[in-house]
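A.B. asks: Next come a sequence and a model predicted from it.
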Amino acid sequence: MTDFSRDVCYLMPEMITKSLILAAGPGTGARRLNSATPEPVVQRIVHADAAPGTRPFKVLVLDAPLGGTVAMQVVQCLATDGAFAISVASTDPRPIAKYSRWVKRFYRLPAGRDQTATLHRLKSILRSERFDILLPVGVDEIAFLANHMDDELRSLTRIPDQPSAKAFEIANSKSLLSAFMEEHGIEHPRTVRFDAQDPSMPERLAGLALPVITKPTWGGGGSGIRVFESREPLCAHLAEHSAPGNPLVAQEFVGDHDVGVAVYCRAGEILYMTMQRVTSSAPQTFRPSKAIHFFESAKLTELVARLMKALAWNGIAQVDLRVDSATGDAHVLEINPRYWGSVLGSQRMGVNFPAIACRMAVGLLLPEAGYRHGRYITAMGYVQQLWRFSRGQPAAERISFGESACSEIVRDPLPRVWEALRRVFPWAR
């Protein structure tokens, strides 16, 4: 890539925050963002995957300890874009994403509580390898960068849009988010954070309408969630299992089905989104669903837009809702301020969130907003569907191979092979 091209692509984020104008001719698929306010205008942006003789932008994906399949999906999403050369860094010596065919190189970060050593190693990698973009995947990685962001780190690479420290703290805590939504008039189930030392706790719990679910204040993936139909076992469970560092919250269990809304925002404005509902539940209650259907709802979009606006959110997130089919009433349950387990499904529908984040970071052309409606099923869900069908068991709906994640496995099989090995053999963990 020429020096001129590199300089043009390294546009300062401030120049494209409020008035990003992508100067392209008709039919390029570029879009205009928030251009009402007259601010510096970008006159030319290099389209890296179309410009002959230019090298891809180097992306370092920051994976979680005991890296799961989400980072693998992020890598696969970036690979479909064509503008990026992908590497992975993690404190886990053998994360699943490491074995993707799309990963050029893996970097081991020091493990343990000494974040100073981790930061030093990360900066050394960025300095020597000249990565254009550093992309955190999980909650811990996003928080790590937020806590250690300094001028040196900013000078070494570009980091895609991230929420403010305050907004991230609120979104990552179910109790803080509930209080925030109460303050801003955003529909949500009544929620109580359990505190054994609070003398008003029995009265507050009695004010919740049954059934009630309990879940940890911090965490995701459906882990630790229980449903209670009566108060005596509810109170006993809260008293026994509420850890001091991660107390349980009790929340009214409203509605009859789940909806997830994935967004990419700037200054609280939703620029890209997809909306999905569950069509096939996972075997364990509250675990991520195996089959989803992408659809649109103006009412749900308006609810999520109010929440993102109130938080002045930047970057990606997935908002979990609970909806009542009979009344159409919707309530916000929680926010996942990280990449999520169905990000490949969103990419299938036309919204490649990891690629959009990286393109925004370096000023590349962006796709039009909007997404297709359709179905998506995980590879395991598809196999289970075939098994049920072969045994003559009826299914609510039959989803085709082309609508499944199996095609990604065919193109990139090793991560799933390694995932299976990690589940069986301790040496692979």
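C.D. replies: Happy to help now that I have it. Residues are numbered from 1 along each chain as shown.

A.B. asks: From here on, just use CA atoms for contacts and neighbour counts.
C.D. replies: OK.

A.B. asks: what's the burial count for residue 185?
C.D. replies: Residues lying near residue 185 (other CA atoms under 10 Å) number 10.

A.B. asks: Show the pLDDT at it.
C.D. replies: What the model reports for residue 185 is a pLDDT of 97.

A.B. asks: Also residue 428?
C.D. replies: 74.

A.B. asks: what does residue 75 give?
C.D. replies: Residue 75 is assigned 98 on the pLDDT scale.

A.B. asks: got the contact list for it?
C.D. replies: Residue 75 makes contact with 61, 86, 97, 100, 102-103, according to CA atoms under 8 Å, 6 or more residues apart in numbering.

A.B. asks: Can you list which of these are found in strands?
C.D. replies: 61, 86, 103 (DSSP state E).

A.B. asks: will you turn those residues into CSV that also has pLDDT, distance to residue 297 and neighbour count?
C.D. replies: Below are those laid out as CSV (pLDDT from 0 to 100; distance: CA to CA, whole Å; neighbours: other CA atoms under 10 Å):
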residue, pLDDT, distance to residue 297, neighbour count
61, 98, 33, 24
86, 98, 35, 23
103, 98, 37, 20
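
A.B. asks: Let me have these in JSON lines, extended by distance to residue 370.
C.D. replies: Shown next, in JSON lines, are the ones in strands among the contacts of residue 75 (distance: CA to CA, whole Å):
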{"residue": "61", "distance to residue 370": "26"}
{"residue": "86", "distance to residue 370": "26"}
{"residue": "103", "distance to residue 370": "29"}
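
A.B. asks: Could you list the low-pLDDT ranges of the stretch 301-429 of the chain?
C.D. replies: By pLDDT under 70, the low-scoring segments of the stretch 301-429 of the chain are 379, 382-383, 385-398, 401.

A.B. asks: Tell me where it has helices.
C.D. replies: Along the stretch 301-429 of the chain, counting by DSSP state H, counting those that start in this stretch, helices occupy 343-348, 353-362, 379-390, 406-411, 414-424.

A.B. asks: So residue 89 is in contact with residue 63, correct?
C.D. replies: Yes. Counting by CA atoms under 8 Å, residue 63 is a contact partner of residue 89 at 6.0 Å.

A.B. asks: Among those two, which residue is more densely surrounded?
C.D. replies: The neighbour count for residue 89 versus residue 63, taken as other CA under 10 Å, is higher for residue 63 (28 against 23).

A.B. asks: Now flag whichever of the ones in strands among the contacts of residue 75 is closest to residue 145.
C.D. replies: Nearest to residue 145 among those is residue 61, at 12.6 Å by CA to CA.

A.B. asks: What's opposite the closest one in the beta bridge?
C.D. replies: Counting by DSSP bridges, residue 61 is bridged to residue 88, residue 135.

A.B. asks: Residue numbering should commence at 22 henceforth.
C.D. replies: Got it, the first residue is 22 from now on, which makes the last one we talked about residue 82.

A.B. asks: Would you mind stating the distance between it and residue 372?
C.D. replies: Relative to residue 372, residue 82 is positioned 19 Å away (CA to CA, to the nearest Å).

A.B. asks: for residue 258, same thing?
C.D. replies: To residue 372, residue 258 is 41 Å away according to CA to CA.

A.B. asks: quick one, which of the two is more surrounded?
C.D. replies: Each of residue 258 and residue 372 has its neighbours counted (other CA under 10 Å); residue 372 has more, 26 against 15.

A.B. asks: How about the contacts made by the more buried one?
C.D. replies: Neighbouring residues of residue 372 by CA under 8 Å, 6+ apart: 293-295, 390-392.

A.B. asks: Give me the neighbour count for the closest residue to residue 288 other than its chain neighbours.
C.D. replies: In this structure, residue 288 finds its nearest non-sequential neighbour in residue 333, 4.9 Å apart by CA to CA, 6 or more residues apart in numbering. Residue 333 has 16 neighbours, counted by other CA under 10 Å.

A.B. asks: OK, contacts around residue 333?
C.D. replies: Going by CA under 8 Å, 6+ apart, residue 333 touches 184, 188, 287-290.

A.B. asks: If any of the residues you listed are buried, put those into a ChimeraX selection.
C.D. replies: Listed next is the ChimeraX selection for buried residues among those, using 16 or more other CA atoms under 10 Å:
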select :184,188,287,288,289,290
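
A.B. asks: any idea which of the contacts of residue 333 is closest to residue 142?
C.D. replies: If you rank the contacts of residue 333 by distance to residue 142 using CA to CA, residue 184 comes first, at 24.5 Å.

A.B. asks: would that closest one count as being in a helix?
C.D. replies: No. Secondary structure of residue 184 (DSSP: H, G, I helix; E, B strand; the rest coil): coil, not part of a helix.

A.B. asks: can you tell me how far residue 148 sits from residue 178?
C.D. replies: Residue 148 is 9 Å from residue 178, where distance means CA to CA.

A.B. asks: Show me which of these two is the more surrounded one.
C.D. replies: More crowded of residue 148 and residue 178, by other CA under 10 Å: residue 178, with 22 against 15.

A.B. asks: Quick check: that one vs residue 157, distance?
C.D. replies: For residue 178, the distance to residue 157 equals 13 Å [CA to CA].

A.B. asks: Residue 167 too?
C.D. replies: According to CA to CA, residue 167 and residue 157 sit 10 Å apart.

A.B. asks: Show me which residues of stretch 200-213 are buried.
C.D. replies: Residues of stretch 200-213 classed as buried by neighbour count (16+ other CA under 10 Å): 201-202, 207-213.

A.B. asks: Touching it from outside, list them.
C.D. replies: By CA under 8 Å, 6+ apart, stretch 200-213 touches 191, 196, 199, 225-226, 229, 270-275, 324, 327-328, 331, 351-354.

A.B. asks: Spell out for me the PyMOL command that would select the buried members of the residues you listed.
C.D. replies: This is how PyMOL selects the buried members of the contacts of stretch 200-213, with burial counted by 16+ other CA under 10 Å:
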select buried, resi 191+196+199+226+229+270+271+272+273+274+275+324+327+328+331+351+352+353+354
